[in-house]
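Asks: Using only what follows, build the 3D model:
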Amino acid sequence: MELTKLRVERFKRIDEIEIPLKSVNILVGANGSGKSSILQAAHLASCLIRQVDRVRTTSTAMVRISDLDYLPSDEYWRLGHGVDWGNASSSPSSKVLFYFVDGKGDEVATECEMRSARNAGISVRGELPEEVRGLFRGQEVFFSGFIPGISGIPNVEQKKSKRVVLKACSFGDSNVYLRNALDLLSQADVRQIENWLEPLLGEVRLDIRFNELEDFEISANVTLNGQDHPLELLGTGYLQLIQIFCYILLFKPTVLLIDEPDIHLHPDVQERLPRLLLTIARTKNLKILLTTHSPFIVRGAPAEANVTWLAEGEVVTDDRSTVELALGWGAFGKKTHYCERR
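Replies: Numbering: from 1, shown residues only. Take a look at the predicted model:
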């Protein structure tokens, strides 16, 4: 099964929008254009489908707020588009649909309709076809991974249980538990992160250690171009890349949702990142959906990537050249210039 489309209805800034999905998909737009709304809707629906006890079109089921692995706002009833969610079957709700195509070319859709429950929770009604159930359901199955960004990490981390770490990372709090998340990976996975980092940052070595019998805190050190650093002293851009690659290996998601990965990255790294993400997406058989304001991310996007310009919760264009011009890449955004003197 291949995920081919995402549809969001009546969620925050979005009235109705449908995004075709390739291996790498880039959403561009001004603040308030609906980019983050799409990522949040997809991740919330994914978590609800995994956590609710059943998904049916004929009846509703409820996930308590205290049990949810992700929630964009404590005032969750305000997640509707222009109107608060209700708790009756005919009241306002939001809907997310994931479309898949099987090996024969037939389309299958997973649907999650969400609204307030009568108690402190979110009510779910929808459809989960048997053909894709294994992508959404399971104790350690995560259809989506969500990375809202990182702003530094604490100086120390005590070892936490796997359940605590996975829930925190799903909620977007991995900056608090980045050492714990790395410690959950195998040595082979840590070596894989190093290999992915090398074309962006140069030679990198990660050393993650915790002795169950002796240690209270996880030791995490990074050797970068021959210089050894404790993890907390790395630049935020380095931490962001480690976080992205860690999520891919920790959650093994069908879709990875990354909100503005360019914020702390040098323009050269921004420009190289989309092509590396394309290689990873193809290797790991996942879709990557990211948001950005950066012309460097867009210019570095391979021809195979989707680039979509959003405004007021709607698609303006998916024409690459139009998006580049809108971001300020005119003639002087090209790598080669020809000048003729007359």
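Asks: Which residue, neighbours along the chain excluded, lies closest to the one residue sitting closest to the centre of the chain?
Replies: Most central in the chain under C-alpha atoms, centre = their mean is residue 257, positioned 1.5 Å from the mean C-alpha point. Counting by C-beta to C-beta, 6 or more residues apart in numbering, residue 257 lies nearest to residue 39, which is 4.3 Å off, once chain neighbours are set aside. The way it works is simple: take the backbone N, C-alpha and C, and place the C-beta from them, glycine included.
Asks: next one: residue 146
Replies: Distances taken as C-beta to C-beta, 6+ apart put residue 43 closest to residue 146, at 4.2 Å, once the chain neighbours are dropped.
Asks: Could you do residue 180 as well?
Replies: That would be residue 165: by C-beta to C-beta, 6+ apart, it lies 4.5 Å from residue 180.
Asks: Mind listing what's buried along whatever helix or strand the one you found lives in?
Replies: According to DSSP states H and E, residue 165 maps onto helix 162-171. Within helix 162-171, the residues scored as buried using 16 or more other C-beta atoms under 10 Å are 165, 166, 167, 168, 169, 170, 171.
Asks: Farthest pair within the residues you listed?
Replies: Greatest spacing in the buried residues of helix 162-171, by C-beta to C-beta: 165 and 171 (10.8 Å).
Asks: Let's verify residue 290: helix, strand, or coil?
Replies: Here residue 290 is recorded as strand under DSSP: H, G, I helix; E, B strand; the rest coil.
Asks: can you pull the contacts of the closest residue to it other than its chain neighbours?
Replies: Using C-beta to C-beta, 6+ apart and skipping the chain neighbours, the partner closest in space to residue 290 is residue 258 (4.0 Å). By C-beta atoms under 8 Å, 6 or more residues apart in numbering, the contact list for residue 258 reads 39, 147, 244, 288, 289, 290, 291.
Asks: and the angle from the helix or strand where the first one lies to helix 162-171?
Replies: Counting by DSSP H and E, the element that carries residue 39 is helix 35-51. For helix 35-51 and helix 162-171, the angle between their directions (axes from the mean of the first three to the mean of the last three C-alpha atoms, to 10 degrees) works out to 150 degrees.
Asks: hey, where'd the helices end up in the stretch 201-342 of the chain?
Replies: 236-251, 267-284, 295-300, 320-326 (DSSP state H, counting those that start in this stretch).
Asks: quick one, which of these is nearest to residue 230?
Replies: helix 236-251 (11.8 Å).
Asks: Now do the closest one, average pLDDT.
Replies: Mean pLDDT, helix 236-251: 93.
Asks: about what we covered before: give me the contact list for the helix holding residue 165.
Replies: 43, 47, 69-71, 140, 142, 145-146, 160, 174, 176-177, 180-181, 184, 247, 250-251.
Asks: Which members of these are positioned in strands?
Replies: Judged by DSSP state E, the subset of those located in strands is 145, 146.
Asks: and the angle from the helix holding residue 165 to helix 236-251?
Replies: 120 degrees.
Asks: For helix 162-171, list the C-alpha coordinates in CSV.
Replies: Extracted in CSV, the C-alpha atoms of helix 162-171 (Å, rounded to 0.1, in the frame of the first residue of the first chain):
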residue,chain,number,x,y,z
LYS,A,162,10.2,3.6,26.8
ARG,A,163,6.5,4.4,27.0
VAL,A,164,7.3,7.8,28.6
VAL,A,165,9.8,8.6,25.9
LEU,A,166,7.6,7.6,23.0
LYS,A,167,4.7,9.6,24.3
ALA,A,168,6.8,12.7,24.9
CYS,A,169,8.3,12.4,21.4
SER,A,170,4.9,11.9,19.8
PHE,A,171,3.7,15.0,21.6
